[in-house]
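> here is my input, please return the structure:
(chains A and B)
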Amino acid sequence: MENPIIELVGLTKLYGSFKAVDHLDLTIERGEIYGLLGPNGAGKTTTILMMLGLTEPTGGKVTVCGYNSTSQPVAVKKKVGYMPDNLGFYDSMNALDNLVYMARLNGVKESAVRQRAIEMMDLVGLSKSMYKKAGTYSRGMKQRLGLAEVLIKQPEVIILDEPTLGIDPAGVKEFLAFIRQLSRRHNITVLLSSHHLNQVQQVCDRVGIFVEGQLLANDHIDNLSAQLFSKDTHVVMISLAAPLDNPSYYREQLMKLDGVKNMAMTDSSVEISCTRNVTPELVRFFVGKGHDIMGVSRKEHGLEEIYHRYFENSLTENVSNGNSGH
Amino acid sequence: MEILVTNSRPATALEIMIRKEIGDLVRSWRFIVLLVLIVLTFLASMYVSLSNLRTAASNALDPDRFLLYLKILTTTDGTLPSFHIFMSFLGAILGIGLGFDAVNVEQSSGTLIRLLAQPVYRDNILLAKFISPLMVITTLFLSLGLLMIGAGMLITGVPIEGGEFLRILTFILLTILYVAFWLSLSILLSIKFKQATTSALSAIAIWLFFTIFYRIIVNLIVKACLPDPAFLSPAEILDNNNLILNILRFSPSQLYTDATTVLLMPSVRSLGPLTMEQMAGAIPSPLSYRESLLIVWPQLTGLLGGTVACFALSYYFFMRREIRP
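Numbering: from 1, shown residues only, chains lettered A, B, ... in the order given. As a prediction, this is how the structure comes out:
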């Protein structure tokens, strides 16, 4: 924690009276892969723009690589590669020329610029189509070209805004694996924003859940799920061969078991939340009642659920706040 | 050794951008269309003036008749306007055409945010958008002017005088300045409007307003506000006429035509009405280059001022504006 590469302190952005980002505090360490998660319109992009000095914060301070993003944006942009979600290239130029142009702007020497661009195209797997017009590229290819452009400046920090948007699942997996490999090999810090939680889950060291301008949670995924689901740690799903004919009776019986907190029934499957692992007792119980069990599964808490839980919480809070206001 | 040193100096971001912008520009269809338009206009007016040059040069009443190269630029038989009149509206179209989508297209295609994520200063983008078209049109007009002089020499066999050359050069610079005004206005509009079509239309609307409606409106207002000249003394009429002329000079195309007329027709002594006393004792002879330049100095500064004002406004709007992807 001694030398954070990205540091946000009390960062606030107002659009009129609308708070896009609300007193955000966040530190990211060198070499870390951080996932900024949240629904659309949560303020992720605004936060990223403030890190790059493309938007002035209303209040607070952003420091990236030791430079203040608001007052020294050019110094920051030398160290940070940014890939926006909406990738635009100069369509009339070929892909290689697009890359060469950006490399020149980053101060790559004229004698080496073409060679380096070709190497980058090779690295992202576009060497076969580098002389094609950028306008003819597919979304996935543009993504790779965008990545090549981010890498050609040899950044210390990579910021990816919705990098998985619009590419197929196999492509996403490959892309994220590549990012992770890069980060590990060259000790590059990666900040990626997304609303696709399960994809991001695979690669992030830490995630922040960002809803309505506020960071609701900020930790390792395991810790997050432990925090959030401490009340009902275990959820057991049992699928039966036939629906239960007398649900209320079973509910009564199940609640008598030690540790069972709640149960829900949909058709022939029963979902039971409990404070300890009661799977053996549950199986015995249903077998004893003469039911055929087709499957038993313990639910793991993925990011998706964590996120939903947070999101729902903030929604219900809002609703109750709204009601109390009347 | 010195050459080596200058070669090894890395190009600045602005130079790189300008190089790229010029490359884009000269390869674009839009520029080719504008180029064809201007070259055709140039050739047509040259043809008309060259075929009437003999009559114009032998007109004993015209004090400018010996300035053959200025005659080539200004002579017409009435079928076509002369080149400098053509330029007063082609220049506007050229400026608007080269600048109306400078910023908004980059923004809507998502290249602006990528460009700004590179370690470049924001004003470099604006400067590149302004300087590159100017460099291209400077080259264009200088070559047209020199071609005209060369062709004139071949056809007539008359050598060009120093004064004429200066006047033609100043005329070219003035034309570039005029295009620069419309260019900076359209860049300003391209920053203010998100859609390229909106900014193009509003630039054309401003241009049409100044070329057509402005004169009509000024006339209407003058008729309503100023008293009937029949009841005024000559001095008051003169004052009123000067006032009307000055109001008309808010229009950039008026400034341009005034200035080019004086520069290309050296016997024009004033842009406003002259009294008999002022004219008394004047010999109908061409003015020197310096004197003509003094007459059009206000026009020149006016155009320059307009250009700088538009550019400064663009700067103001663009530098602190939020760029979202």
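> name the residues of chain B found near chain A, please.
Contact residues, chain B versus chain A (CB under 8 Å from any CB of the partner chain): B:10-11, B:13, B:16-17, B:20, B:24, B:27-28, B:109-121, B:320, B:322-325. The C-beta positions use only the backbone N, C-alpha and C, and glycine is treated the same way.
> strands of chain A, residue ranges please.
Counting by DSSP state E, chain A has strands at residues A:4-15, A:18-29, A:33-37, A:59-64, A:67-68, A:80-83, A:157-161, A:189-194, A:206-211, A:214-219, A:234-240, A:260-266, A:269-274, A:293-298.
> now those in CSV, with mean pLDDT?
Below are these laid out as CSV (pLDDT from 0 to 100):
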stretch, mean pLDDT
strand A:4-15, 90
strand A:18-29, 89
strand A:33-37, 89
strand A:59-64, 91
strand A:67-68, 92
strand A:80-83, 93
strand A:157-161, 92
strand A:189-194, 90
strand A:206-211, 84
strand A:214-219, 79
strand A:234-240, 81
strand A:260-266, 78
strand A:269-274, 81
strand A:293-298, 84
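> let's have the ones you listed in TSV, adding distance to chain B and mean neighbour count.
Formatted as TSV, these follow (distance: least, CB to the nearest CB, whole Å; neighbours: other CB atoms under 10 Å in any protein chain shown):
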stretch	distance to chain B	mean neighbour count
strand A:4-15	9	18
strand A:18-29	11	18
strand A:33-37	15	25
strand A:59-64	12	19
strand A:67-68	11	16
strand A:80-83	4	26
strand A:157-161	7	24
strand A:189-194	12	25
strand A:206-211	17	23
strand A:214-219	21	18
strand A:234-240	39	18
strand A:260-266	42	15
strand A:269-274	41	20
strand A:293-298	41	12
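> among the ones you listed, which is nearest B:D101?
Closest to B:D101 of these, according to CB to CB: strand A:80-83, at 24.2 Å.
> residues in contact with the spatially closest residue to A:E156 that is not a sequence neighbour?
Closest residue to A:E156 in three dimensions, ignoring its sequence neighbours and counting by CB to CB, 6 or more residues apart in numbering or on different chains: A:K79, at 4.6 Å. With contact set as CB atoms under 8 Å, 6 or more residues apart in numbering or on different chains, A:K79 has these partners: A:V64, A:C65, A:Y67, A:P155, A:E156, A:V157.
> quick one, what contacts the first one?
It refers to A:V64. By CB under 8 Å, 6+ apart, the contact set of A:V64 is A:I5, A:I6, A:E7, A:M51, A:V76, A:K79, A:V80, A:V157.
> spatially nearest residue to the residue of the stretch 1-150 of chain A found nearest chain B (excluding sequence neighbours)?
Nearest to chain B in the stretch 1-150 of chain A, going by CB to the nearest CB, is A:G88, at a distance of 2.4 Å. Excluding the flanking residues, the one nearest A:G88 by CB to CB, 6+ apart is B:G110, at 2.4 Å.
> run a quick neighbour tally on B:M319.
B:M319 is flanked by 11 other residues according to other CB atoms under 10 Å in any protein chain shown.
> how much space between the closest residue to it other than its chain neighbours and A:D219?
Leaving aside its sequence neighbours, B:M319 sits nearest to B:R122 (CB to CB, 6+ apart; 5.6 Å). As judged by CB to CB, to the nearest Å, B:R122 and A:D219 stand 37 Å apart.
> how about B:K223?
Using CB to CB, one gets 78 Å for the distance from B:K223 to A:D219.
> same deal with A:L147?
In this structure, A:L147 and A:D219 are 28 Å apart, going by CB to CB.
> distance to A:N246 added to the contacts of A:V64, as CSV?
Below are the contacts of A:V64 laid out as CSV (distance: CB to CB, whole Å):
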residue, distance to A:N246
A:I5, 60
A:I6, 58
A:E7, 60
A:M51, 59
A:V76, 66
A:K79, 66
A:V80, 63
A:V157, 60
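> from the residues you listed, pick the one nearest B:G163.
Closest approach between those and B:G163, by CB to CB: A:V76, at 56.3 Å.
> neighbours around A:D267, how many?
When neighbours are counted by other CB under 10 Å, A:D267 registers 10.
> wait, it sits on A:A242?
No: taking contacts as CB atoms under 8 Å, A:D267 lies outside contact range of A:A242: 9.5 Å.
> how near is the closest residue to A:D258 other than its chain neighbours to chain B?
Among residues not flanking A:D258 along the chain, A:V278 sits closest, at 7.4 Å (CB to CB, 6+ apart). Noted for A:V278: a distance of 50 Å to chain B, by CB to the nearest CB, to the nearest Å.
> ok, A:V278 - contacts?
Shown in contact with A:V278 (CB under 8 Å, 6+ apart): A:H234, A:V236, A:L257, A:D258, A:G259, A:V260, A:I272.
> hmm, try it at 10 Å
Residues near A:V278 by CB atoms under 10 Å, 6 or more residues apart in numbering or on different chains: A:H234, A:V236, A:L254, A:L257, A:D258, A:G259, A:V260, A:I272, A:R284, A:F285.
> then B:F209?
B:F209 makes contacts with B:I217, B:S251, as judged by CB under 10 Å, 6+ apart.
> check for me that it belongs to a helix.
Yes: applying DSSP: H, G, I helix; E, B strand; the rest coil, one finds B:F209 inside a helix.
> re earlier: correct me if wrong: the residue nearest to B:M319 contacts A:K77.
No: the pair B:R122 / A:K77 is not scored as a contact, 11.1 Å apart, by CB atoms under 10 Å.
> joint contacts of the two?
Residues touching both B:R122 and A:K77 (CB under 10 Å, 6+ apart) are A:G53, A:L54, B:L116.
> and the gap between the residue nearest to A:D258 and A:K261?
Separation of A:V278 from A:K261 (CB to CB): 10 Å.
> overlap in contacts, these two.
Common contact partners of A:V278 and A:K261 (CB under 10 Å, 6+ apart): A:H234, A:I272.
> wait, what's in contact with the spatially closest residue to A:T46 that is not a sequence neighbour?
Leaving aside its sequence neighbours, A:T46 sits nearest to A:A20 (CB to CB, 6+ apart; 4.6 Å). A:A20 is in contact with A:12-14, A:41-47, A:49-50, A:55, A:58, A:212-213, counting by CB under 10 Å, 6+ apart.
> restricted to buried residues, select those residues in PyMOL.
A single PyMOL command selects the buried members of those (16 or more other CB atoms under 10 Å in any protein chain shown):
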select buried, chain A and resi 12+13+42+43+44+45+46+47+49+50+55+212+213
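> any regions of chain A where pLDDT drops low?
Within chain A, the segments meeting pLDDT under 70 span A:1-2, A:225-233, A:300-326.
> kindly recompute the last result at 50.
Across chain A, the ranges flagged by pLDDT under 50 are A:1, A:320-326.
> can you report how many residues neighbour B:N104?
By the criterion of other CB under 10 Å, B:N104 has 22 neighbours.
> report the separation between it and A:T164.
Per CB to CB, B:N104 is found 29 Å from A:T164.
> any chance you could map the helices in the stretch 1-150 of chain A?
With DSSP state H, counting those that start in this stretch as the criterion, the stretch 1-150 of chain A has helices at A:44-51, A:73-79, A:95-105, A:113-123, A:139-151.
> most tightly packed of those helices?
Ranked by mean neighbour count under mean count of other CB atoms under 10 Å in any protein chain shown, the helices of the stretch 1-150 of chain A are led by helix A:44-51, which reaches a mean of 26.
> give me the distance from that helix to the chain's centre.
Its chain's C-alpha centre and that of helix A:44-51 lie 14 Å apart, by CA atoms, centre = their mean, to the nearest Å.
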